[in-house]
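Okay, structure incoming, though there's no sequence with it:
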């Protein structure tokens, strides 16, 4: 039972939510405005919102008949009968409530309207898989990931520490870059599940455009992400260019494996893509701290 709940958390995806916050902290450090307490609160909020989204995705995909036993992807406890649907539903909203508590603590460091941002994030955690127009079922999952795993965490983590929009011309491109790299994790996930998704009319971008096209999107998302951050790289010491170079080496290697893999072979690549992003975010933070 415990193993099933750990699998439901999908810990392999947590680096994606952490990376956006770490990149936001890096931006604050670059601007000389790092503040430890709101930074930690952002980390906690991101992790709880991600876990809630994962729980909700499992519950609502089961409820809508999207998942089936013996799927190529990671095991789903509800689908396999190891976790009751009601228990997963309760866990989803309980975790969202915990995220809400952490979000309220952020108000000690930011304006009241951050409540609206937090509510939108939590609604997205559910809207990704459910509601009248589930984003992941209509080719909008990738756009949502760019926004909610890139733009939102990077920009607002930085804002919560600086207290203003200082450096937005640098922070915003960085947030879009992180979002593009995060969307690659979703591409791998949907690349693996293309046939299963098509069978239940779940129209992901891979179902719509095909594996070949989305494999190229995967590659160019990484390239475009590094180019978007060019103003930041030019503002840092020359040695920090090792970060985008190392990321591209890891990225291209994973892309090559992606093109040659199918089914369950893609599961390790999902984790590698997430780790590539996390490594990039951590190195970015180190660069900003050391500069």
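Thanks, I have it. A quick note: this is a predicted structure, and the numbers were derived from the prediction, not measured.

so who does residue 165 touch?
Listed by CB atoms under 8 Å, 6 or more residues apart in numbering, the contact set of residue 165 reads residue 159. Backbone N, C-alpha and C define where each C-beta goes, glycine included.

next SSE after the helix ranked longest in the chain?
Criterion DSSP state H: the longest helix present in the chain is helix 36-63. For helix 36-63, the following helix or strand on the C-terminal side (DSSP states H and E) is helix 85-105.

What helices and strands are in contact with that next one?
helix 2-9, helix 36-63, helix 114-127 (3 or more CB pairs under 8 Å, 6 or more residues apart in numbering; DSSP states H and E).

Between those, which one is closest to residue 218.
With respect to residue 218, and counting by CB to CB, the nearest of the helices and strands packed on helix 85-105 is helix 36-63 at 21.0 Å.

Pull out the buried positions in the closest one.
38-39, 41-62 (16 or more other CB atoms under 10 Å).

So for it, mean pLDDT?
Summarised as a single mean, pLDDT over helix 36-63 is 88.

What is that helix packed up against?
helix 2-9, helix 14-30, helix 85-105, helix 114-127, helix 152-162.

In TSV, list those along with mean pLDDT and distance to residue 224.
Output for the helices and strands packed on helix 36-63, formatted as TSV (pLDDT from 0 to 100; distance: least, CB to CB, whole Å):
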stretch	mean pLDDT	distance to residue 224
helix 2-9	76	31
helix 14-30	95	16
helix 85-105	90	31
helix 114-127	85	23
helix 152-162	95	16
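
Tell me the spacing between the closest residue to residue 198 other than its chain neighbours and residue 188.
Excluding its sequence neighbours, the residue lying closest to residue 198 (CB to CB, 6 or more residues apart in numbering) is residue 207, at 4.9 Å. Computed as CB to CB, to the nearest Å, the residue 207 to residue 188 distance reads 14 Å.

Turn the helices and strands packed on helix 85-105 into TSV, including distance to residue 19.
TSV is the format used below for those (distance: least, CB to CB, whole Å):
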stretch	distance to residue 19
helix 2-9	17
helix 36-63	9
helix 114-127	16
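
Out of the ones you listed, which is closest to residue 24?
helix 36-63 (6.8 Å).

just how off-centre is that closest one within its chain?
Chain-centre distance of helix 36-63: 10 Å, with CA atoms, centre = their mean, to the nearest Å.

list the contacts for residue 37?
residue 109.

Would you check how far apart it and residue 109 are?
7 Å.

try residue 263
From residue 263 to residue 109 the distance is 46 Å (CB to CB).

try residue 89
From residue 89 to residue 109 the distance is 32 Å (CB to CB).

Residue 286 now?
For residue 286 relative to residue 109 (CB to CB), the value is 24 Å.

Please say which of these two ends up with more neighbours.
A count of neighbours by other CB atoms under 10 Å puts residue 109 above the other of residue 286 and residue 109, at 17 against 14.

give me every residue that touches the closest residue to the more buried one other than its chain neighbours.
Nearest residue to residue 109, sequence neighbours excluded (CB to CB, 6+ apart): residue 38, at 4.3 Å. Contact analysis of residue 38 by CB under 8 Å, 6+ apart lists 106, 109, 110, 157, 160, 161.

from those residues, which is closest to residue 269?
residue 157 (27.5 Å).

so that closest one makes contact with residue 21?
Yes. Residue 157 lies in contact with residue 21 (CB atoms under 8 Å); the separation is 5.0 Å.

Which neighbours do these two have in common?
Counting by CB under 8 Å, 6+ apart, the residues touching both residue 157 and residue 21 are 39, 42.

Out of the helices and strands packed on helix 36-63, the one nearest residue 202 is which?
Using CB to CB, those put helix 114-127 closest to residue 202, at 14.9 Å.

Which one's more surrounded, residue 207 and residue 188?
It is residue 188, of residue 207 and residue 188, that has more neighbours when counted by other CB under 10 Å, with 27 against 21.

so the more buried one touches residue 273, yeah?
Yes. In this structure, residue 188 is within contact of residue 273 by CB under 8 Å, at 5.3 Å.

and the residue nearest to residue 109, how far is that from residue 159?
9 Å.

what does residue 240 give?
From residue 240 over to residue 159 (counting by CB to CB), the distance is 23 Å.

So if I had to pick from the two, which one is more boxed in?
Neighbours were counted for residue 240 and for residue 159 using other CB under 10 Å; residue 159 has more, 24 against 18.
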